[in-house]
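K.L.:
Have a look at this prediction, sequence included:
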Amino acid sequence: MNNYLYKYFKFKKRFGQNFLMDNKVINKIINFINPKFDDNIFEIGAGSGCLTRALYNCVDKLSVIEIDNVLYNFLKKMFLKKNVNIFNENILKFDFKNFLKYNYPIRIVGNIPYNISIHIIFYCFNFLHKIQDMYFMVQYDVAKKMSALVGTKSYGKLSIFLQYYCSIKILFDVEAKSFFPSPNVNSCFIKLSPLKRSFNKYLNITHFKYIVSKAFSQRRKTLKNSLSKIFDKNDFIKLNIDYSLRAQNLNIIEYCKLSKYFSKNAFNKNLYIN
């Protein structure tokens with residue numbers, strides 16, 4: 001990090017600014033991403049530009065977004081007369097549609113703010129059809145929930161909602177001391193690969209999220225009880241789903257079956273989403 005910026009920059013908690021400073025970790029990230037010269041890389045939250053510099057050395061074209069005005073101006077000077085497209089915007093309001101008219105597929109990379117990491121990931125899902133893969137630095141506990149397997153303690157709504165769209169792999173853990181200022185938690189660098197699912201045909205995603213949320217709202221109860229206002233025993237039998245199981249014991253395909261059944265039969269049963 002530039003010594004002047006390091007000494008005088010005022011860190012803003014609202015932006016979740018914890019800059020990745022460890023060159024060993026940065027090199028490890030580059031090795032996992034394995035960027036090719038003609039890849040279209042988009043970095044979220046460039047910060048002080050340490051990872052940005054490493055990415056720039058590997059690709060022909062690079063785009064980055066940074067919400068902080070001071071850091072934006074710093075990055076503009078750092079990459080003056082270089083082929084780096086820098087946006088001074090909020091990623092959650094960024095017009096990917098316009099950007100993707102000319103630049104796709106894209107590979108997204110980011111040491112993203114932990115307080116809005118899930119919001120950022122779900123926002124990217126809106127453009128998943130034009131994304132090759134995504135690599136994010138996230139909080140350790142969140143990464144465990146994101147990648148949790150069915151039947152495990154960490155498996156829940158977040159696991160299902162994210163794994164419906166992507167396969168998620170934890171690549172390696174990162175200690176807090178690799179950042180400045182150091183966060184109060186350890187981190188994980190993860191990879192998300194978009195999925196093309198054959199079983200999602202005709203799936204109403206609103207109904208899907210509703211069913212999953214209802215099931216996990218009473219995690220300790222069996223499906224027979226947690227979903228009693230939506231399905232009866234015969235419904236579970238028709239779908240070949242054991243109603244004595246709990247929410248964490250059902251996989252994504254089974255939740256999709258319940259959701260499609262709900263969509264087809266909700267009107268006849270006078271059911272509605274509240």
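P.N.:
Done, it's in.
K.L.:
So which residues of the stretch 101-250 of the chain form strands?
P.N.:
Along the stretch 101-250 of the chain, the segments classed as strands by DSSP state E, counting those that start in this stretch run 106-111, 131-139, 166-174, 179-180, 187-194.
K.L.:
Just want the angle from the second one to strand 166-174.
P.N.:
Read it as strand 131-139. 40 degrees (axes from the mean of the first three to the mean of the last three CA atoms, to 10 degrees).
K.L.:
before we move on, the earlier item: need the strands of the stretch 101-250 of the chain in a markdown table (columns: distance to residue 84).
P.N.:
(Each C-beta comes from the backbone N, C-alpha and C, glycine too.) Putting those into a markdown table (distance: least, CB to CB, whole Å) gives the following:
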| stretch | distance to residue 84 |
| --- | --- |
| strand 106-111 | 14 |
| strand 131-139 | 18 |
| strand 166-174 | 25 |
| strand 179-180 | 23 |
| strand 187-194 | 22 |
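K.L.:
For the stretch 51-200 of the chain, which segments count as helices?
P.N.:
69-78, 96-100, 117-125, 140-146, 157-165 (DSSP state H, counting those that start in this stretch).
K.L.:
Can you check which of those gets nearest to residue 175?
P.N.:
With CB to CB as the measure, helix 140-146 is the member of the helices of the stretch 51-200 of the chain nearest residue 175 (9.8 Å).
K.L.:
now the closest one: how far from the chain's centre is it?
P.N.:
Distance of helix 140-146 from the chain centroid (CA atoms, centre = their mean, to the nearest Å) equals 11 Å.
K.L.:
for stretch 219-235, same thing?
P.N.:
Distance, stretch centre to chain centre, for stretch 219-235: 30 Å (CA atoms, centre = their mean).
K.L.:
coming back round to it: need the helices of the stretch 51-200 of the chain in CSV (columns: mean neighbour count).
P.N.:
Shown next, in CSV, are the helices of the stretch 51-200 of the chain (neighbours: other CB atoms under 10 Å):
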stretch, mean neighbour count
helix 69-78, 16
helix 96-100, 15
helix 117-125, 18
helix 140-146, 19
helix 157-165, 20
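K.L.:
Run a quick neighbour tally on residue 27.
P.N.:
Neighbours of residue 27 under the rule other CB atoms under 10 Å: 11.
K.L.:
on that earlier part again, could you dump the helices of the stretch 51-200 of the chain to JSON lines with distance to residue 201?
P.N.:
Shown next, in JSON lines, are the helices of the stretch 51-200 of the chain (distance: least, CB to CB, whole Å):
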{"stretch": "helix 69-78", "distance to residue 201": "43"}
{"stretch": "helix 96-100", "distance to residue 201": "25"}
{"stretch": "helix 117-125", "distance to residue 201": "18"}
{"stretch": "helix 140-146", "distance to residue 201": "25"}
{"stretch": "helix 157-165", "distance to residue 201": "13"}
